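A.B. asks: sequence and predicted structure are below.
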Amino acid sequence: MEFSKFFNSTIKLNIILIISFSISVNSFILLPNINNAFYVLFHLTFIYLIFYHYHYYLYLVALVYGILFDILLLNNIGAHIITFLFLLMLFVLLRKYLIRLSSYQIIFIYFITLIILLVIEQFLANLIHNYKFNISSIFNFILISLIIFIPTIFLFIKLDK
Amino acid sequence: MAPKFQIKVFQLSRFVKNFTIISVVTLSFLLIFFSKTDYYLISGIKNLSSSVIIPITRFISAPVNVFSNFIEEYNQFRSLKFENKILQEEIIRLKKWQTLAIQNSRENNVLKKLLNATDNNLTLVKTASLINRNDTIYSKLINLNAGYEDKIEKNMSAINERGLLGKVIDTTSNNSRVILLTDPNLSISVKSISDGIFSLISGSGDGKYLVSSFTKDNKMPRLGDIVVTSGTAQIFPVDLLVGKVAKVEKNRFFVLPFVDFKNIDYVQIVTSK
């Protein structure tokens, strides 16, 4: 009981963040969509943490995961760190407008934010690191997002309860 | 009754919060800048990620790895009968080739002695096995279980039994990172065997083909021509097998690499003699 109190939802979400990060940076040749799914799950969790558990420690989280994603997936620092920090700063600026929205509107914005984040990362990877802007990869991410979005939201809401 | 956990929340002033945020943002932009200028701090971070973060992520993702291995074994088991039939036919064919190869090898040795030629131009530094790969999202990188303690250095070539794989981009004491040929950020200088056309090729981004970015005198190689390293950039040893020309367009051509990048177990790190 005491342990479960200590193990609050923020810590659980951070554990999900660590697991999804670990799986997304280890490629599985037979299951490439597992990597993509956990990559999308990482972004979903990170946005959820920003929207519902905002704390300034998230800047450090964005810094660490941004650097690690950039080094492990792109071999150069840039695309992920910029998008994560940009998202955090944008949230701080728009927070007063977001709290006025209904839960359905928030969910819609949550999904749109996820897609935009993934597209911006691809765009920056192309701009800074010369990686091809891959439309099929974007569609793959969108499809995975559509599949895992609702179950993930349910899971997160359950964790928060 | 056990004492209650009491977590004291350290209330920080607004100044400290703002200072942290500004520091993080500044640090990020400095890191992006240093990353572009190849500062030694970035190489330290890369080494740290190779030697510390990758083992941790491998440990955490171990259950998925077990599941992936199980699927692989199941697939292999399913195709066992069919593969056995193919292998039996292959054995018969290879036996014929073996006889011919032994004869050719003898002839080759005699001719080499006559010409006073050396056997090959490669020095094997280390044979290493793959520990993990990051080639699904964005870049095409693999990590090996050998580093500078095994005399592996940056820019050394990585090959396997089929041909050129890529080059070493980072080394730590026991690990090294190899960028694969299929990565768009690795360019190699190649020549076609039949016409000797020199060109630069790099990964096309789809992880399958290599595409030419520059061709000397705008000459295009023929379809099906074999492409090897030219050795002109002095990074890759000369005459390493790269691939076969699979498609020729007006200003560029596509090469299908000989190496099966999905099945890499062991990698040899080599340099020129």
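C.D. replies: Received it, and whenever you're ready, just let me know what you need. Just so you know, these numbers come straight off a predicted model, no measurement behind them. Residues are numbered from 1 along each chain as shown, chains lettered A, B, ... in the order given.
A.B. asks: pLDDT weak spots in the chain?
C.D. replies: Just going to use chain A. Where chain A drops to pLDDT under 70, the residues are A:1-6.
A.B. asks: meant chain B actually
C.D. replies: Where chain B drops to pLDDT under 70, the residues are B:1-12, B:116-120.
A.B. asks: quick one, strands of it?
C.D. replies: Assignment of strands within chain B using DSSP state E yields the ranges B:122-134, B:141-144, B:157-160, B:163-171, B:176-180, B:187-192, B:198-203, B:210-215, B:226-229, B:241-248, B:253-257, B:266-272.
A.B. asks: contacts (any at all) between chain A and the longest one?
C.D. replies: Yes. Strand B:122-134 is in contact with chain A by C-beta under 8 Å from any C-beta of the partner chain, via B:132-134. To be clear about C-beta, it is placed using only N, CA and C from the backbone, and glycine gets the same treatment.
A.B. asks: before we move on, the earlier item: dump the strands of chain B to TSV, plus mean neighbour count.
C.D. replies: Shown next, in TSV, are the strands of chain B (neighbours: other C-beta atoms under 10 Å in any protein chain shown):
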stretch	mean neighbour count
strand B:122-134	17
strand B:141-144	24
strand B:157-160	22
strand B:163-171	22
strand B:176-180	26
strand B:187-192	22
strand B:198-203	21
strand B:210-215	18
strand B:226-229	21
strand B:241-248	18
strand B:253-257	22
strand B:266-272	19
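A.B. asks: based on its surroundings, how many neighbours for the residue of chain B found nearest chain A?
C.D. replies: With C-beta to the nearest C-beta, the shortest gap between chain B and chain A falls at B:Gly205, namely 3.1 Å. When neighbours are counted by other C-beta atoms under 10 Å in any protein chain shown, B:Gly205 registers 20.
A.B. asks: tell me, what residue is most central in chain A?
C.D. replies: Nearest to the mean C-alpha position of chain A, counting by C-alpha atoms, centre = their mean, stands A:His43 at 1.1 Å.
A.B. asks: what's near enough to touch it?
C.D. replies: Applying C-beta atoms under 8 Å, 6 or more residues apart in numbering or on different chains, we find A:His43 in contact with A:114, A:117-118.
A.B. asks: tell me which element it falls in.
C.D. replies: Assigned by DSSP states H and E, A:His43 falls within helix A:32-52.
A.B. asks: please apply the same query to A:Ile116.
C.D. replies: In this structure, A:Ile116 is located in helix A:103-129 according to DSSP H and E.
A.B. asks: quick check, that helix touching chain B?
C.D. replies: Yes. Judged by C-beta under 8 Å from any C-beta, helix A:103-129 comes into contact with chain B at A:125, A:128-129.
A.B. asks: generate CSV for those residues, with distance to B:Val227 as supplementary columns.
C.D. replies: Formatted as CSV, the residues of helix A:103-129 next to chain B follow (distance: C-beta to C-beta, whole Å):
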residue, distance to B:Val227
A:Ala125, 28
A:Ile128, 30
A:His129, 26
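A.B. asks: which of those residues sits closest to chain B?
C.D. replies: Nearest to chain B out of those is A:Ala125 (C-beta to the nearest C-beta; 5.6 Å).
A.B. asks: before we move on, the earlier item: which among the contacts of A:His43 gets closest to chain B?
C.D. replies: A:Leu118 (10.3 Å).
A.B. asks: ok, that closest one to A:Leu72 distance?
C.D. replies: Using C-beta to C-beta, to the nearest Å, A:Leu118 is found at 17 Å from A:Leu72.
A.B. asks: just list whatever residues bridge to the residue nearest to the spatial centre of chain B.
C.D. replies: Among the residues of chain B, the one closest to the centroid is B:Leu180, at 3.0 Å (C-alpha atoms, centre = their mean). Per DSSP bridges, the residues bridged to B:Leu180 are B:Gly166.
A.B. asks: quick check: it touching B:Ser202?
C.D. replies: No. Between B:Leu180 and B:Ser202 there is no contact under C-beta atoms under 8 Å: 11.1 Å.
A.B. asks: okay, and the common contacts of these two?
C.D. replies: Joint contacts of B:Leu180 and B:Ser202 (C-beta under 8 Å, 6+ apart) are B:Leu186.
A.B. asks: which parts of the stretch 101-250 of chain B sit against chain A?
C.D. replies: Within reach of chain A by C-beta under 8 Å from any C-beta, the stretch 101-250 of chain B has these residues: B:132-139, B:141, B:169, B:177, B:179, B:184-185, B:204-206.
A.B. asks: what residues are up against B:Ile45?
C.D. replies: Taking C-beta under 8 Å, 6+ apart, we find B:Ile45 in contact with A:67, A:71, A:77, B:31.
A.B. asks: for B:Asp38, see how far away it is.
C.D. replies: From B:Ile45 across to B:Asp38, the span is 12 Å (C-beta to C-beta).
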